[in-house]
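In: how would this look folded up:
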Amino acid sequence: MSTSDPRHYDVILSPVITEKATTASEHNKVVFKVARHATKPQIKEAVEKLFDVKVKNVNTVIRKGKVKAFKGTIGTQSPVKRAVVTLEEGHRIDVTTGL
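Out: Purely as a prediction, here's the structure:
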């Protein structure tokens with residue numbers, strides 16, 4: 001891995017490990033939870049520097065917060081921005097290992 005700027009860690013918060021994200025990884029795509037203020041070029045730069053890969057495309061989606069009840073207590077989940085990063089052919093990221 002190459003040397004990275006600390007602000008890249010502020011852009012990429014964590015990988016998303018769900019059944020749908022795992023299925024997407026078979027098609028050279030990786031899903032990350034990112035900062036709400038992060039732009040697509042910032043996300044692309046952060047992923048390329050942190051994981052030393054070549055990014056082909058970045059798509060983002062903001063999941064709106066939901067109202068959830070747990071043991072009778074009602075709370076709200078905050079909105080989350082996710083980035084689906086498509087990697088160039090031949091590049092891979094194993095999100096199960098830490099940075």
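In: only C-alpha atoms for contact and neighbour calcs from this point on.
Out: OK.
In: K40 against K56, yeah?
Out: No: applying Cα atoms under 8 Å, one finds K40 not in contact with K56, separated by 11.6 Å.
In: residue ranges for the helices of the chain, please.
Out: For the chain, the helices defined by DSSP state H cover 8-11, 19-25, 40-51.
In: Which one, of those, ends up nearest to K71?
Out: Nearest to K71 among the helices of the chain is helix 19-25; the distance by Cα to Cα comes to 26.2 Å.
In: Quick check: which helices or strands does that closest one pack against?
Out: Applying 3 or more Cα pairs under 8 Å, 6 or more residues apart in numbering; DSSP states H and E, one finds that helix 19-25 makes contact with strand 29-34.
In: So for the strand it packs on, what gets flagged as buried?
Out: If you call a residue buried by 16 or more other Cα atoms under 10 Å, then strand 29-34 has these buried ones: K29, V30, V31, F32, K33, V34.
In: Counting by contacts, list what it packs against.
Out: strand 12-15, helix 19-25, strand 80-87.
In: chain center to it, what's the gap?
Out: In this view, strand 29-34 has its centroid 2 Å away from the chain centroid, taken as Cα atoms, centre = their mean, to the nearest Å.
In: and it, which strands flank it?
Out: Strand pairing for strand 29-34, using DSSP bridges, gives strand 12-15 (antiparallel), strand 80-87 (antiparallel).
In: and it, average pLDDT?
Out: Mean pLDDT, strand 29-34: 94.
In: can you pull the contacts of the nearest residue to P79 once chain neighbours are set aside?
Out: Leaving aside its sequence neighbours, P79 sits nearest to G65 (Cα to Cα, 6 or more residues apart in numbering; 4.2 Å). Neighbouring residues of G65 by Cα atoms under 8 Å, 6 or more residues apart in numbering: T76, Q77, S78, P79, V80.
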